[in-house]
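In: return atomic coordinates for the entry below.
(chains A and B)
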There are 2 protein chains.
Amino acid sequence: MKRVVIVGGGFAGLRAARALGDVSEIEVTLVDQRNHHLFQPLLYQVAMAGLSPAEIAAPIRSLLSRYQNIHVRQEQVDRVDLTHRRIVTGSGEIDYDTLLLACGSRHAYFGHDDWEEHAPGLKTLEQATEIRRRVLSAFEEAEREADPERRRALLTFVVIGGGPTGVELAGALGEMSRFTLARDFRNIDPKLTRVILVEAGPRILPSFRESQASRATRDLESLGVQVWTASPVTRIDAACIEVGRERIETFTALWAAGVEPSALNRTLGVSLDAQGRVLVEADLSLPGHPEVFVAGDQAHFSPDSSSSPLPGHAPVAMQQGRFFARTVRRDLRGEPRERFRYVDRGQMATIGRRRAVCEIGRFHFGGWFAWITWLVVHIYYLVGFKNRLFVVLQWTWSYLRYGRGARLIIAKEWRFYSSRLAP
Amino acid sequence: MKRVVIVGGGFAGLRAARALGDVSEIEVTLVDQRNHHLFQPLLYQVAMAGLSPAEIAAPIRSLLSRYQNIHVRQEQVDRVDLTHRRIVTGSGEIDYDTLLLACGSRHAYFGHDDWEEHAPGLKTLEQATEIRRRVLSAFEEAEREADPERRRALLTFVVIGGGPTGVELAGALGEMSRFTLARDFRNIDPKLTRVILVEAGPRILPSFRESQASRATRDLESLGVQVWTASPVTRIDAACIEVGRERIETFTALWAAGVEPSALNRTLGVSLDAQGRVLVEADLSLPGHPEVFVAGDQAHFSPDSSSSPLPGHAPVAMQQGRFFARTVRRDLRGEPRERFRYVDRGQMATIGRRRAVCEIGRFHFGGWFAWITWLVVHIYYLVGFKNRLFVVLQWTWSYLRYGRGARLIIAKEWRFYSSRLAP
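Out: Got it, this is the predicted structure:
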């Protein structure tokens, strides 16, 4: 029995585990600190009250329950003992013959960790619910605020970072304030909400063609989003954001400006790139450790020495997860290792509920057709893990109805409402 | 313009506001510290991972947005100034000509407030999510626990209180462990889970007939729930519960044993009953203050001096809310006040996913037919506030699929996972 340990139940880990399910010579243990797999490409929808957490997440345990050779453990991994081939968790040690590290990434504040409190990132369901709480509470507070200055600040939302996540957050914010909330308030006009997308670089969506970025900018502006490029943020506190000498009064800032890989990387004692990702071999293994693999956001993989590393996208992680499983099976049969080859199927970003930009190979397009493409691709992959027609129908409906979505303000502390004075 | 202020957006407050919507001579302000109306009869389903919060809650603001004469404010009410006819909130004062207090109730620990930490009650979405987190985490921890004693304690769940909520929680716990989770674990057998329903009184469901309570007990036992009656709890801490001299080792206790009305009552300076509810007149008004009304769980109303007060059920609150609106309109027309009359349409409690007990007038029945009745009644009332066929279909599906429900463990602290070591 070959013991395969997979750390992380994201796109890479889940695909790897599934591809090793029911292989009789292999026993798989998947370890994750969370109990659920999260469909991150739609996480911004939870933050913007369009979807409920359970609609884009499912217990890893039940996703893998039909494979008798897979064990799932909800646990935190403290470190990897490469010499003795075991991982050390909070409750003990787990030995491995082959290891896959696929722990993903988290937000990076480039040395300004104190910014996190005022500008949360969007990587987990907790963060999404917290962002939802902040955004909806800002409108509620504005409704009862008498001071026009403060009301204006309450109705100003700043999204920092012009990559796909930032663009999707800003577009959803623009749309929510203009359409969903428009009729619900009496003292404020949600249409006057200011949404500002701040990007340090010369343009948004840097990984897309310039024409697509311009198109996305126009689409954002039609939803009332102001796009500020070449605007590095220099300060964030509870009531304002500074961009160089300019100052934006706001109580709600969202961070989508950068990620760093799992802190586990620094405990491995191997060479990392500037962002902290592990520099892996052509077969995704750790240099000098052919039995240890790194995949997804945690790895730095360049197709060849001259090209830039693969981006931290779900398709990269899924293909690397499946490649890992294939490699384990080839090893079992004594076949030589292959090189990982990424099949680039393109990239897309959605702007609000009607528009998107897509780049698929030589094709690039935007508008309504791109949005339909975006929808079909996301439904297809959501089916991949939820695997039930009705869930998809339900989800499509939830997505389309938007205005009646999950607009709940849920407190951070569960005892909050029971321990305070009425009502 | 007559200024009507309603405090609380529960069953009483929401029905009252709706019945005053679009009445041109009246301006309504509804104040609630939450932004959402909650369909509490199904809250236990959120705690037991069968439904998502958004499926049983909706923003008060959007439920009332079509009535131009209704303002909604999310705010905490600190006290009522009866003399000057105004309520005092965190951000100021609101004057009223007529006031409805309908703030509901919260859990009461009968002088043992320190028990709340170890045995949370079930009144809010936050509490439901917290209970879900504790229950699911106990199974996860048991899966990786090597010590059999501790594993047994982790798989022991105690529900305190044998009223409808306690019965529903215990039944859902029994069913979840026996059916939903059965295939998902490798090291533990969820079927060995112990669920104990502890009741201080001589039997469960004291408001039901004895024969119905026996039937419910048998139904619970068929789901593996042990029913302990005449068992007052004497101690609760993090690792055990004491019932007299007996001691149950458990890490998960849930409180469904008693409620007390809003703390606002004690600030009114009027006579309260032993439980702290306001003793109201025949028209639900405050003695000496015909312009102030109290409804729902917050009020003590007896149909006549000899009978016991109406229970804290949703139908009572809804009828009282509508009665209040009718009274306001009669006042406007100068008609004399009427006495509130409660139309008792019966009571019901569900046990797991196939059985229930119902009492409707002279009829009482149980089993599958009672469960269908329960389902139809709850769907009917859920439509009452969500008002969309598709939501009902979606909800019915979510309810029936159960096993694929909202089994997410979401941390209490949003930054928890971003600020700790990997993965």
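
In: low-confidence regions, chain A specifically.
Out: Scanning chain A with the threshold set as pLDDT under 70 gives A:383-406, A:411-423.

In: now the residue nearest to residue A:181 when sequence neighbours are not counted: how far from chain B?
Out: Leaving out its chain neighbours, the residue that sits closest to residue A:181 by C-beta to C-beta, 6 or more residues apart in numbering or on different chains is residue A:190, at 4.1 Å. Yep, even glycine has a C-beta here, placed from its N, CA and C like the rest. Residue A:190 sits 11 Å away from chain B, taking C-beta to the nearest C-beta, to the nearest Å as the criterion.

In: let me see the contact set for residue A:190.
Out: A:139, A:155, A:177, A:178, A:181, A:182, A:184 (C-beta atoms under 8 Å, 6 or more residues apart in numbering or on different chains).

In: for residue A:212, same thing?
Out: Shown in contact with residue A:212 (C-beta under 8 Å, 6+ apart): A:205, A:357, A:359, A:364, A:366.

In: which of the contacts of residue A:190 lies at the shortest distance from chain B?
Out: Comparing those against chain B with C-beta to the nearest C-beta places residue A:184 closest, at 4.5 Å.

In: the closest one: neighbouring residues, count only.
Out: 20 (other C-beta atoms under 10 Å in any protein chain shown).

In: so residue A:308 sits against residue A:275, correct?
Out: No - taking contacts as C-beta atoms under 8 Å, residue A:308 lies outside contact range of residue A:275: 11.9 Å.

In: which of these two has more neighbours?
Out: residue A:275 (16 against 8).

In: residues in contact with that one?
Out: A:108, A:260, A:261, A:300.

In: quick check: bridge partners of the last one?
Out: Meaning residue A:300. Beta-bridge partners of residue A:300, counted by DSSP bridges, are residue A:279.

In: can you tell me how far it sits from residue A:163?
Out: 18 Å (C-beta to C-beta, to the nearest Å).

In: now the third one
Out: Between residue A:261 and residue A:163 the computed distance is 16 Å (C-beta to C-beta).

In: these two: which is more packed in?
Out: residue A:261 (27 against 20).

In: you'd agree that one is up against residue A:105?
Out: Yes - Residue A:261 is within contact range of residue A:105, at 4.9 Å (criterion: C-beta under 8 Å).

In: okay, and the common contacts of those two?
Out: Common contacts of residue A:261 and residue A:105, defined by C-beta under 8 Å, 6+ apart, comprise A:297, A:298.

In: quick one, phi/psi of the residue nearest to residue A:181?
Out: phi -60, psi -20 (degrees, to the nearest 10).

In: and for residue A:221?
Out: Dihedral pair for residue A:221: phi -60, psi -30, per degrees, to the nearest 10.

In: any buried residues in stretch A:187-195, and which?
Out: By neighbour count on 16 or more other C-beta atoms under 10 Å in any protein chain shown, the buried set for stretch A:187-195 is A:188, A:190, A:193, A:194, A:195.

In: now the two most distant members of the residues you listed.
Out: Spanning the widest gap among those are A:188 and A:195, at 14.9 Å by C-beta to C-beta.

In: quick one, helices of the stretch 101-250 of chain A?
Out: A:125-144, A:148-154, A:164-175, A:210-222 (DSSP state H, counting those that start in this stretch).

In: give me whichever of these is most buried.
Out: helix A:164-175 (a mean of 27; mean count of other C-beta atoms under 10 Å in any protein chain shown).

In: mind giving me the packing neighbours of that one?
Out: helix A:43-47, strand A:156-160, strand A:194-198, helix A:210-222, strand A:225-228, strand A:347-351 (3 or more C-beta pairs under 8 Å, 6 or more residues apart in numbering or on different chains; DSSP states H and E).

In: and of the ones you listed, who's closest to residue B:34?
Out: helix A:43-47 (19.3 Å).

In: packing partners for the following helix or strand past that closest one?
Out: Per DSSP states H and E, helix A:43-47 leads on to strand A:57-59 as the next helix or strand towards the C-terminus. The contact analysis (3+ C-beta pairs under 8 Å, 6+ apart) places strand A:57-59 against strand A:36-38.

In: how about the strand it packs on against chain B, any contact?
Out: Yes - Strand A:36-38 is in contact with chain B by C-beta under 8 Å from any C-beta of the partner chain, via residue A:36.

In: just stretch A:93-100 next, same as before
Out: No - if you take C-beta under 8 Å from any C-beta as the test, stretch A:93-100 misses chain B, and the best it gets is 10.1 Å.

In: ok, and the closest non-adjacent residue to residue A:172?
Out: Excluding the flanking residues, the one nearest residue A:172 by C-beta to C-beta, 6+ apart is residue A:48, at 3.9 Å.

In: and that neighbour, how far from chain B?
Out: Computed as C-beta to the nearest C-beta, the residue A:48 to chain B distance reads 13 Å.

In: what's near enough to touch that residue?
Out: Taking C-beta under 8 Å, 6+ apart as the test, what residue A:48 contacts is A:132, A:135, A:169, A:172, A:173, A:176.

In: please apply the same query to residue A:214.
Out: residue A:203.

In: quick one: it from residue A:178, how far?
Out: On the measure of C-beta to C-beta, residue A:214 and residue A:178 end up 22 Å apart.

In: do the same with residue A:294
Out: From residue A:294 to residue A:178 the distance is 43 Å (C-beta to C-beta).

In: out of those two, which sits in the busier spot?
Out: Between residue A:294 and residue A:178, counted using other C-beta under 10 Å, the more crowded position is residue A:294 (33 against 19).

In: ok, back up a step: most surrounded residue in the contacts of residue A:212?
Out: residue A:357 (28 neighbours).

In: which other helices and strands does the helix or strand containing it contact?
Out: Secondary structure assigned from DSSP H and E places residue A:357 in strand A:355-360. Here strand A:355-360 touches helix A:210-222, strand A:347-351, strand A:363-366, helix A:367-386, going by 3+ C-beta pairs under 8 Å, 6+ apart.

In: OK, contacts around the nearest residue to residue A:191 once chain neighbours are set aside?
Out: Spatially, and ignoring its direct neighbours in sequence, residue A:191 is nearest to residue A:178 (5.5 Å; C-beta to C-beta, 6+ apart). By C-beta under 8 Å, 6+ apart, the contact set of residue A:178 is A:190, A:191, A:193, A:223, A:224.

In: three-state assignment of the residue lying closest to residue A:136 once chain neighbours are set aside?
Out: Among residues not flanking residue A:136 along the chain, residue A:409 sits closest, at 5.0 Å (C-beta to C-beta, 6+ apart). The three-state assignment at residue A:409 reads coil, by DSSP: H, G, I helix; E, B strand; the rest coil.
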